[in-house]
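Participant: Need a 3D model of the following:
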Amino acid sequence: MNSSGYGYHSSDSLFSNSTGTRTSIDSNENFLSVNCDPTLINSCISFGNGTLEESRLEMLQQIANRVQRDILGCEDKLILARNALQSDSKRLESGLQFQNEAEIAGYILECENLLHQHVIDAQILIDGKYYQADQLVQRVAKLRDDLLALRTECSSIFSKGHTLTTEQTKLMISGITQSLNSGFAPNLNPDLNSGMTQSLTPTLTSSSLTSGLSSGLTSRLTPAITPAYTPGFPPRVIQTYVTGVDTNALQTLKLMQIQKPLMKSAFVDQNLTEEEVNMKFVQDLLNWVDEMQVQLDRTEWGSDLPSVESHLENHKNVHRAIEDFESSLKEAKISEIQMTAPLKLSYAEKLHKLESQYAKLLNTSRNQERHLDTLHNFVSRATGELIWLNEKEEEEVAYDWSERNSNISRKKEYHADLMRELDQKEEVIKSVQEIAEQLLLENHPARLTIEAYRAAMQTQWSWILQLCHCVEQHLRENAAYFEFFNDAKEAMDYLKNLKDAIQRKYSCDRSSSLHKLEDLVQESMEEKEQLLQYKSTVAGLVGKAKAIIQLKPRNPDSPLKTSIPIKAICDYRQIEITIYKDDECILASNSHRAKWKVISPSGNEAMVPSVCFTVPPPNKEAIDTANRIEQHFQNVLALWHESHINMKSVVSWHYLTNEIETVRAGNVASIKTMLPGEHQQVLSNLQSRFDDFLEDSQDSKIFSGSDIAHLEREVNVCKQYYQELLKSAEREEQEESIYNLYISEVRNIRLRLENCEDCLIRQIRTPLERDDLHESVFRITEQEKLKKELDRLKDDLGMITDKCEEFFSQAAGSPSVPTLRSELNVIIQNMNQVYSMSSIYIEKLKTVNLVLKNTQGAEALVKLYETKLCEEEAVTADKNNIENLIGTLKQWRSEVDEKREVFHALEDELQKAKAISDQMFKMHKERDLDFDWHKEKADQLSERWQNVHSQIENRLRDLEGISKSLKYYKDTYHTLDTWIQKVEDTQRKIQENQPENSKALAKQLNQQKMLVSEIEMKQNKIDECQKYSEQYSASVKDYELQTMTYRAMVDSQQKSPVKRRRMQSSSDFIIQEFMDLRTRYTALVTLMTQYIKFAGDSLKRLEEEEVGHRKTETILLGAIKQLLNLDHNFSWKY
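Facilitator: Numbers count the residues shown, from 1 in each chain. The predicted structure follows:
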C-alpha cells in the first residue's frame, strides 16, 4: 500500500505534508517531538519488523508504567484540589473570601497537562496493541471525567463569590478561545486496526478530549495569562474578543481537510487481477470512511462567531463530499458481481462493513450540521449583545468625569436613555440566555463555548449595572462640584460688585448734604442687614467646600506629584487585584484618563477603570475658594464699616455746627420765651452734640485732630455767650416770678377744681344701676372720696388766697394784680358751687340707697308669695286635699295682711328722695334720673302685692265651690257603681246556672225582664251623676285656668321663671271615671236586651220540639255557652 495519497507506513511521511490534506498535524507533531524521540515514533508507527519486537514491547511497558504512575499522581492532586474546594465552599457560605483559588487552579493545570500526555500515551499503546491498553484508556477516561466534574464545580462555586468585569469577561472568552484552538487532534494512522479506534469509549474520543481539556484553567483565572484589556480596541479585536489568534490561521489549522476517495481506475495495474483491484478499491473506500469518521469525531465547534461560521461553512463542504461518496459506494456494489470465490466472501464482508460505516458517517455529519446551525444562531445573537454591552461599557468607562466636562445635564439625559435601553435590553438578553439554557439541556456538543458565552453575557450584564451605579454617584458628586463652583463664582462677583457699590455710593466729605447723608446712613444700616444675612450664604459655601470631591486628578493633563487616596464605589476583581466597595485605595498614576494605576488596601497594584473610584474630599481648590470668598466678605464688611463711620462723623459735624449757629443767634427776648428747663437743655444739647461728634469721629478719615480742637474752642465760646444771656434774662424775670408763681398755683387749683367738677357732674348725669345695691354703695364711697378731695382743695384755696391778698397789698401798682385778683374770685365762686352740689348729691345717694333696700325687701316678699301661688299643685278629686289647700290659702291671707308695713316704709323713703331731687334741680338745674325709676318700681310692687291678695281670695272662693260639687258627684257615683256591680254579679250567677227545661228557662226569662225594668229606672240617676261630674269638671278647669293665667303673669314679671312639670287635671279623671261608669251601664242594658231576645227565641223552639229530643238540647246548650262567652267578652271589653 504505497499509494501517494496515504503515506502512513513511513516514519517520514508522518512529518511530511504530502498530497493528502493532513495540514492540521503540525501542532501535534510539535507536541510529539517534545515527548518522544524519533526512534520511539518510528517504532510506534512501523512496528512490523521482528528484530525490534523486544524493544517495542519494552517501550510499551515503560509507557504503560508511566501512565499508571501519572494517573495515580493526578488522582492524588484531584483529591487535594477537591478538599481545598470544599474548604472555600464553606468559607463562601460564611461570607468570607476564598483562600485556595490559586492552589486549586495549579492542581487543575498540572492534571490537564498530564492528561494531555496520557491521551498521547494511550494512543501509542492502542497503536502498539498493548494487552492492557483498553484498561488504561478506561482509567484515562475516568480521570478525564473527574477533572471535568471538578472544573465545573470550581466554576460554579467561584462564580458565586466573584463578579467579573467586562474586561475579565473578554479575557475569559479569550482564554477559552486560545485553549480551544491550542488543543491537539492527532491524526491516527488509518491503516492501523480500526478496532483500536473503536476501543476508545465515546467519552474519550479525540474531539471530546480536546473540547473537555482545552480550556485549561477556569475562565476566572484566564485573564492572568492573557494580555490586559485596554478600552478603545478596534472593532475587529472586539469582534474576536481578544482571542490572540488570527482567524485565518485558525481556519488553516483546525478545519477538516477533505480528500475525495480515489476512483476505481486509479487502482488498475497490469500486475493485479480484477478481483485484487476490486479488493483494493473497497479497502480504500473503507479507509476513507474511517478517516472521515475520525475527523468528524475530532472536529471542533469554534469559540467565537468567525470560527463557528468557518466550521459551519467547512462542514457543509464536508457533508457534500460525504453525500457524493454514495456514487463510489454504488460502484463498489456493482463490482461485487465480478468477484469469485474465495475473495467474494471477504469482499462481501468489507462491502457490508462499508455500508454500515457510511450510514453512521452520514448520520454523524447530519447531526453535526444541525448542531453547528444552532450554535451559529446562538453565538451570533450572543456576540451582538456582547458587542452592544461592550460599546455601552466603553462609553461609560471612557467618559470624562474630570473638571473639563461640565455638561452634566446632557450626561444625565444620556444616562436616563441608557437605563431605558437596559430595561428593554434585559428581555433580549434573557431570551438569549434561555437559548443557551435550552442548548445545554439538550447536551449540545459545544457546551464549553455555550457556557463561556452565557457566563460572558451574565458577567458583562452585571458589570454594566455596576457601571450604571458608579455613573449615578459620579453624576451626584459632579453636579455638587459644579454647583459649588458656580455658586462660588456668583458669590465672588456679588461681593466685588457690592464693594464697588459701597465705594461709589457712600463716599462723602464736609460739603455733603445733611439730609442726603442721613438717608445714606439709614440705607447703609439696611445694607448691613443684607450683608449679615449673606454671611449665612458664605458660611454655607465654606461648609459645602469640605464635602466637594476632587476632579482634577481625573484629568491626565494634571499628572499627580504624589499618590493620593481614592475610594472604590463598586466591587472590582482581577487575578492581580481585588477591590471591594468603599475600600480606601491609593492612586499611583493618572496618566490614562480611563484607567488608573491603583494600589489596593492589601498592597496589590493594577490598572483599574477610573470610573470605579471617586477622589474623596478635601478639595484644596474648593476650600481655598471658600476661604477667599470668606476673606473678601470680611473686607467688604470692613469697607462698609469705614464708610459708615465717615458718614456718621459728617452727620454729627453738621448737627454740631447747626447747634452752634442756633446758640449764637439767641437773645434775651428769645430766652424769656423759653419754658423752665429749656435754658439748661440748650447747653446740654450743645454738649451732647459735641460728645456725639467726638465719638463718631474717633475712627473717621475726614476729621483730623486739629479740626476737632478747633470745634472744641468754638463750643466753649458759645457756652460763655449763652451764660451771659441767661443772667440778663434772670434780672427781668425776677420781678414776674412771684406773679407767675401765684397765678400758676391759682390755675393749678382751678384745674383740680374743674377736674372734681367734671367728675361730679359725670356721676350725677350717669344713672345708677337700677337694682344694684352694691353699685349704690360703691357710688357713695366714690363720692365721699371726692368730697374729701374738695375739702383739701378748699384748704389749699384758702392758703393761696391769703398769699395773694398779701401780694396785692405789697404790689398794688403792678399790672398783673387785676388779672390775678379776677382769676382768684372766679375760682372761689366755683368752689362754693361745686361744694354745695357735692353735699346735695351725697345726701341723694344715701336716700336712694335706703329706697333700694326697701324696694328689694318688698320685691323679695312679693316674689315669695307669687312663687308659693305659682307652685300650688293641681286640684285632685280628694276632699281632704281640697280642705288642706283651703287651709293653706287662709294662712297665706293672714300673713299678707301682717306684711303691709313694708310697703308703708317704702313710701316714706320715696317722699324723702323726691324732696332731695327737687332741691338739686332748683339749685343746680341737674335732674335726678334715678327717682322716676324707683317710683315706678315701687308702684309696680304695690300692684303685684295687691294681686297676691286678690289671688288668695279668689282661690278660696273657687275651692269651696269645687268641694261641694265633688261631694255631690261622689255620693251619686258610689251608689250607681255599687248597684251595677251587684247586677253584674247577679247576672253572672244566673248565666252560670243553666236551666234544665222550658219551665226553668221561662222562670229565668221573667227574672231577666224584671231586672231590665229595674235597669231602665236607673237612667235618671245616671243623668244626675253626669250633671255633677260636669259641674265639678267645669269648676276645676276654671280654677286651673285662673291659676295658669296668674302663673303666666308672674313669669312675665320675674326674670327667671321656674320650669314646672305638667300635672294631670282631676277634671279629666272625673270625666273619664263617669264615662267608664256609663259604659258599664250601657253594656249591661245591651247585654240584658240581647239575652232576653235570645232566651225568648230559645223558649219558643223548646216548646215546639219534643222534650226528649237530644238534638234540641244540644243546640240549646251550645247557644247558652255561646251566650256566656259573649257576656264574658263584653265584661272584659268594658
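
Participant: Does anything pack onto the longest helix seen in the chain? Which helices or strands?
Facilitator: What stands out as the longest helix in the chain, according to DSSP state H, is helix 931-992. Under the contact definition 3 or more CB pairs under 8 Å, 6 or more residues apart in numbering; DSSP states H and E, helix 931-992 sits against helix 817-870, helix 879-898, helix 901-924, helix 998-1017, helix 1019-1053, helix 1066-1104, helix 1110-1133. From N, CA and C alone the C-beta is placed, and that goes for glycine too.

Participant: Touching the third one from outside, list them.
Facilitator: The set of residues external to helix 901-924 that reach it, using CB atoms under 8 Å, 6 or more residues apart in numbering, is 764, 833, 836-837, 840-841, 843-844, 847-848, 850-851, 854-855, 857-858, 861, 926-928, 931, 934-935, 938, 941-942, 945.

Participant: about what we covered before: next, format the helices and strands packed on helix 931-992 as JSON lines and append mean neighbour count and distance to residue 799.
Facilitator: Output for the helices and strands packed on helix 931-992, formatted as JSON lines (neighbours: other CB atoms under 10 Å; distance: least, CB to CB, whole Å):
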{"stretch": "helix 817-870", "mean neighbour count": "17", "distance to residue 799": "12"}
{"stretch": "helix 879-898", "mean neighbour count": "13", "distance to residue 799": "60"}
{"stretch": "helix 901-924", "mean neighbour count": "15", "distance to residue 799": "27"}
{"stretch": "helix 998-1017", "mean neighbour count": "14", "distance to residue 799": "113"}
{"stretch": "helix 1019-1053", "mean neighbour count": "17", "distance to residue 799": "58"}
{"stretch": "helix 1066-1104", "mean neighbour count": "16", "distance to residue 799": "84"}
{"stretch": "helix 1110-1133", "mean neighbour count": "13", "distance to residue 799": "107"}
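
Participant: returning to that earlier point: report the rounded mean pLDDT for the longest helix of the chain.
Facilitator: Summarised as a single mean, pLDDT over helix 931-992 is 78.

Participant: Over to stretch 487-494?
Facilitator: Averaging the model's pLDDT scores along stretch 487-494 yields 91.

Participant: Can you list the buried residues in that stretch?
Facilitator: Residues of stretch 487-494 classed as buried under the neighbour-count rule (16 or more other CB atoms under 10 Å) are 487-488, 491-492, 494.

Participant: Can you show me the CA trace of stretch 285-295 as PDB?
Facilitator: Only the C-alpha atoms of stretch 285-295 are listed here, as PDB (Å, rounded to 0.1, in the frame of the first residue of the first chain):
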ATOM      1  CA  LEU A 285     -13.300   3.300   0.400                       C
ATOM      2  CA  LEU A 286     -13.500   1.800   3.900                       C
ATOM      3  CA  ASN A 287     -10.300   3.600   4.900                       C
ATOM      4  CA  TRP A 288     -11.800   6.900   3.600                       C
ATOM      5  CA  VAL A 289     -15.000   6.400   5.600                       C
ATOM      6  CA  ASP A 290     -13.000   5.600   8.700                       C
ATOM      7  CA  GLU A 291     -10.800   8.600   8.200                       C
ATOM      8  CA  MET A 292     -13.800  10.900   7.800                       C
ATOM      9  CA  GLN A 293     -15.500   9.400  10.800                       C
ATOM     10  CA  VAL A 294     -12.300  10.100  12.900                       C
ATOM     11  CA  GLN A 295     -12.200  13.700  11.600                       C
END
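
Participant: Distance from the chain centre to it, please.
Facilitator: Between the mean C-alpha point of stretch 285-295 and the mean C-alpha point of its chain there is a distance of 76 Å (CA atoms, centre = their mean, to the nearest Å).

Participant: what's the answer for stretch 407-414, then?
Facilitator: For stretch 407-414, the distance between its averaged C-alpha position and the chain's averaged C-alpha position is 29 Å (CA atoms, centre = their mean).

Participant: Show me what it is in contact with.
Facilitator: Under the contact criterion CB under 8 Å, 6+ apart, stretch 407-414 has outside partners 399, 405, 471, 475, 478-479, 482.
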